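S.K.: 3D, please:
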Amino acid sequence: MFSNKTKFQKKKKKKPICSRFGHTASIVDDFSQIQIQETEIVFAVAGKVSEYLVAPIGRQLGYLFCYRSHAEKLRNHVQTLRMARNHQQITVDEATRKGDEVRPAVREWLNRVDQITGEAEALTRYDQNMSCLNGWCPNLISRYQLGREAYKKAQVIVGIQTARNFPDGISYSVPSRNATFVDVSWT
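M.R.: Next up is the predicted model:
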């Protein structure tokens with residue numbers, strides 16, 4: 001009847017925190033779970049903040065520090081666009097020799113290519129004047145502007161290259177102007 005254990009030596013039962021659901025976790029366990037949930041919320045908020053702040057700032061700094069690579073990519077895109085323009089010009093010349101009329105979309109594309117390559121060449125020429133004090137001090141504003149403009153022009157050039165495919169063809173045949181039509185009616 002009597003046990004050797006005193007009432008202080010008996011194992012204490014954990015009181016349920018929420019008797020409704022039958023939870024028997026201690027208060028310390030619940031507190032650690034709350035801390036984990038709070039840190040997850042903090043990490044989620046920090047992720048969104050970094051998504052909206054760090055990425056744009058990194059892009060802006062990329063214009064400044066990667067201006068040479070942006071300018072080099074622009075030169076490469078201009079070179080491939082120029083080759084595509086020359087190829088298109090050969091087919092346009094061939095169509096005009098045959099007496100066909102060149103479509104207005106093709107003429108507009110050729111004009112856009114001439115305009116954008118001229119702007120890009122002027123931008124790459126500006127690349128040589130990128131320092132002040134005889135090269136001892138880099139001109140950060142000019143580097144940023146060059147990197148940004150070179151990146152954006154390269155994106156425009158990629159768009160122009162994808163617009164090169166003309167589904168209706170480059171030219172269409174027109175009837176000869178000297179041709180006379182004879183009315184042949186059998187009466």
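S.K.: Now do the SS call for the residue nearest the centre of the chain.
M.R.: For the chain, the residue nearest the mean C-alpha position is Q155 (7.9 Å; C-alpha atoms, centre = their mean). Three-state assignment for Q155 (DSSP: H, G, I helix; E, B strand; the rest coil): helix.
S.K.: C-terminal to the helix or strand of the chain with the lowest mean pLDDT, what's the next element?
M.R.: Ranking every helix and strand in the chain by mean pLDDT, DSSP states H and E puts strand 131-132 at the bottom, with a mean of 64. Later in the chain than strand 131-132, the nearest helix or strand by DSSP states H and E is strand 137-138.
S.K.: elements contacting that next one?
M.R.: Contacts defined by 3 or more C-beta pairs under 8 Å, 6 or more residues apart in numbering; DSSP states H and E place strand 137-138 against strand 131-132. No exception for glycine: its C-beta is placed from N, CA and C like everyone else's.
S.K.: C-terminal to the lengthiest helix in the chain, what's the next element?
M.R.: Determined from DSSP state H, the single longest helix within the chain is helix 67-98. Going down the chain from helix 67-98, the next helix or strand is strand 100-102, by DSSP H and E.
S.K.: Which secondary structure elements does that following strand sit against?
M.R.: Using 3+ C-beta pairs under 8 Å, 6+ apart, strand 100-102 sits against helix 67-98, strand 171-173.
S.K.: as a whole number, average confidence for the first one?
M.R.: Okay, so that is helix 67-98. Here helix 67-98 scores 93 as its mean pLDDT.
S.K.: ditto for the last one
M.R.: Strand 171-173 shows an average pLDDT of 81 in the prediction.
S.K.: What residues of it count as buried?
M.R.: Judged by neighbour count (16 or more other C-beta atoms under 10 Å), strand 171-173 contains these buried residues: S171.
S.K.: mind listing what it pairs with, with the direction of each?
M.R.: When pairing is defined by DSSP bridges, strand 171-173 lines up against strand 100-102 (antiparallel).
S.K.: What residues of the strand it pairs with count as buried?
M.R.: Quick answer for strand 100-102 (16+ other C-beta under 10 Å): 100, 102.
S.K.: centre of the chain versus it, how much separation?
M.R.: 37 Å (C-alpha atoms, centre = their mean, to the nearest Å).
S.K.: what sits up against that strand?
M.R.: 92, 95-96, 170-174 (C-beta atoms under 8 Å, 6 or more residues apart in numbering).
S.K.: Turn those residues into a markdown table, including distance to I57.
M.R.: Output for the contacts of strand 100-102, formatted as a markdown table (distance: C-beta to C-beta, whole Å):
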| residue | distance to I57 |
| --- | --- |
| V92 | 46 |
| A95 | 50 |
| T96 | 52 |
| I170 | 45 |
| S171 | 50 |
| Y172 | 51 |
| S173 | 56 |
| V174 | 57 |
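S.K.: ok, of these, which one's closest to R143?
M.R.: V92 (39.2 Å; C-beta to C-beta).
S.K.: Nothing else from me, thank you.
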